[in-house]
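**Student:** Any chance you can model this:
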Amino acid sequence: MTALKEFQRLEAEAVWRATPTDQRKDVIVSLGDASLTILDLRENVLAHWSVAAVVRANKGQRPAIYHPDGDPGETLEFGEDGAQMIDAIETIRAAIERSRAKPGKLRLWITGTIAAAIVAGILFWLPDALLRHTVKVVPAVKRVEIGNALLARVTRISGQPCMTRDAREPLSRLASRVLGPAQRGSLVVLPGGVVQTAHLPGGRILLNRSLIEDPEDPEVPAGYILTERLRSQSQDPLEKMLIQTGLWSSLRLLTTGEMSTDDLDRYSEHLLAQPAAPLPVETMLSAFAAAELRSTPYAYSVDITGESTLPLIEADPMSGRSPRPVLSDADWLRLQGICGA
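**Tutor:** Residues are numbered from 1 along each chain as shown. The predicted model follows:
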C-alpha cells in the first residue's frame, strides 16, 4: 500500500537498536512508499521496515516504541519531537489494517449466509414438501371422509341435496354412464350454492339443479360432469384444498388425521365462489371420445352462440356417428324431477 500523500518524504529523529545486546543509536527515519528507511547521521542506510509489518510495543504511550512484526528485539523509539511521524505511522497502519481481510468477520458472513440459506430453504421448500407428502400418504377412505365433511358444510349454504325415490336410480345410471360403474354414487345435485359444477376430495361431483332441470338432452349434464371430472384429474382435489387452507392444515392432517372445522368452513366457501378452471380443448375432446359422448350439446350449453366453444363443435368426436344413449327417455324424465316441484 502506498503511503498517504501528506506523509510522503516525512523525516524524524529516533533511537534505533538492531538487537537487545546492541547499543542504541541516534538515527534519522524517513517515511516513504509505505516503508520506513532508517539511516545513521551520515545518511547511511541501516535498515528498511515495511509499515505493514510494524508493531507498536507500547500503544498510546510516549516515547513510542516500534519493532518489526515477529522481531521485538529490534526497536525504533520516537520521542516527543517525533509526534508527526508517530501520527503518520499510526494512520498508515490503520489504513492497512482496514484493507486486510477479517477472518472472524468473513466466518461470520459465511455462517450468516449459510443460516439464511437454511432458513430460506425451510420457508420455501418445507411447505411444498409437507404438502406433497401429506397428499401422498392420506388414504382413499380419509379423502372420502373429508369430502363428506365438506359436503355437510356446502349444504348449509346450498340447501340439502336433491333426491326423490324415482330419481335415485337414474342419477346412478348417469354417473355410471359418464364416469364408469365404480362411480355410481359420485353425483350430488344441489338446489343452489354451486354455480354449475364442483368436485370434492373422495370423488364426489356437485351439480346445480339447473343442469338437470333446464336442458332437453341428458348429454348436456353429461358433458358438465365429464369436464368437472377432468378438472379433478388435473390437480389432486386434496392437494388443491390443502394449498388453500395452508401449511398448518397439512401438518394437522398428517399428524392427527383430521381437518379443523375452520379450515373446512373456509374451503367450502372458497369452493362455491371459485370459477370453473378452463381446460385444454384437446384434453376435452379426447375425454368426450373415450366416453362416447357428443361435445356439441355441451358446447352450445356453455355458449349458446357457439363462438367461444367452436373447436368443441367442429371437432366433435361423435360427429356423424351414433353414440350410445346417456339415459333412456324415461330415466331422463324421472331425473329431471329430482328436486321435486
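
**Student:** Run through the stretch 51-200 of the chain and note the low-pLDDT ranges.
**Tutor:** For the stretch 51-200 of the chain, the stretches flagged by pLDDT under 70 are 100-126.

**Student:** Quick one: the helices in it, in order.
**Tutor:** Taking DSSP state H, counting those that start in this stretch, the helices of the stretch 51-200 of the chain run over residues 83-99, 103-137, 140-158, 165-179.

**Student:** from these, which stretch is densest packed?
**Tutor:** Burial of those is given as mean neighbour count (mean count of other Cβ atoms under 10 Å); helix 165-179 ranks first at a mean of 19. To be clear about C-beta, it is placed using only N, CA and C from the backbone, and glycine gets the same treatment.

**Student:** Does it pack against any helices or strands, and if so which?
**Tutor:** Applying 3 or more Cβ pairs under 8 Å, 6 or more residues apart in numbering; DSSP states H and E, we find helix 165-179 packed against strand 187-190, helix 219-234, helix 329-336.

**Student:** Out of the helices of the stretch 51-200 of the chain, which gets nearest to Glu282?
**Tutor:** helix 165-179 (19.4 Å; Cβ to Cβ).

**Student:** if we look at that closest one, which residues are touching it?
**Tutor:** Contacting residues not belonging to helix 165-179 are listed as 163, 183-187, 189, 205, 218, 221-222, 225-226, 229, 291, 293, 326-327, 331-332, 334-335, 337-338 [Cβ atoms under 8 Å, 6 or more residues apart in numbering].

**Student:** What is the neighbour count of Met318?
**Tutor:** 17 (other Cβ atoms under 10 Å).

**Student:** Oh, that last question was meant for Ser328, not what I typed.
**Tutor:** 12.

**Student:** Which residue, other than its chain neighbours, is closest to Glu11?
**Tutor:** Ser30 (5.0 Å; Cβ to Cβ, 6 or more residues apart in numbering).

**Student:** Now do the SS call for Cys16.
**Tutor:** Check again: residue 16 is Trp, not Cys. strand (DSSP: H, G, I helix; E, B strand; the rest coil).

**Student:** And for it, the neighbour number?
**Tutor:** Neighbours of Trp16 (other Cβ under 10 Å): 21.

**Student:** shouldn't it be in contact with Thr75?
**Tutor:** Yes. Trp16 is in contact with Thr75 according to Cβ atoms under 8 Å; the separation is 7.2 Å.

**Student:** Ser328 and Pro218: what is the separation?
**Tutor:** With distances taken as Cβ to Cβ, to the nearest Å, Ser328 is found 9 Å from Pro218.

**Student:** what's the answer for Ile89, then?
**Tutor:** In terms of Cβ to Cβ, Ile89 sits 99 Å off from Pro218.

**Student:** what about stretch 279-298, how long is it end to end?
**Tutor:** 14 Å (Cα to Cα, to the nearest Å).

**Student:** Over that stretch, what's the mean pLDDT, rounded is fine.
**Tutor:** For stretch 279-298, mean pLDDT is 97.

**Student:** And stretch 211-227, by the same measure?
**Tutor:** 97.

**Student:** now swap in stretch 325-341 and tell me
**Tutor:** 93.

**Student:** any residues touching that stretch, and which ones?
**Tutor:** For stretch 325-341, using Cβ under 8 Å, 6+ apart, the contacting residues are 162-164, 166-167, 169-171, 173-174, 177-178, 189, 191, 209, 212-213, 218-219, 222, 293.
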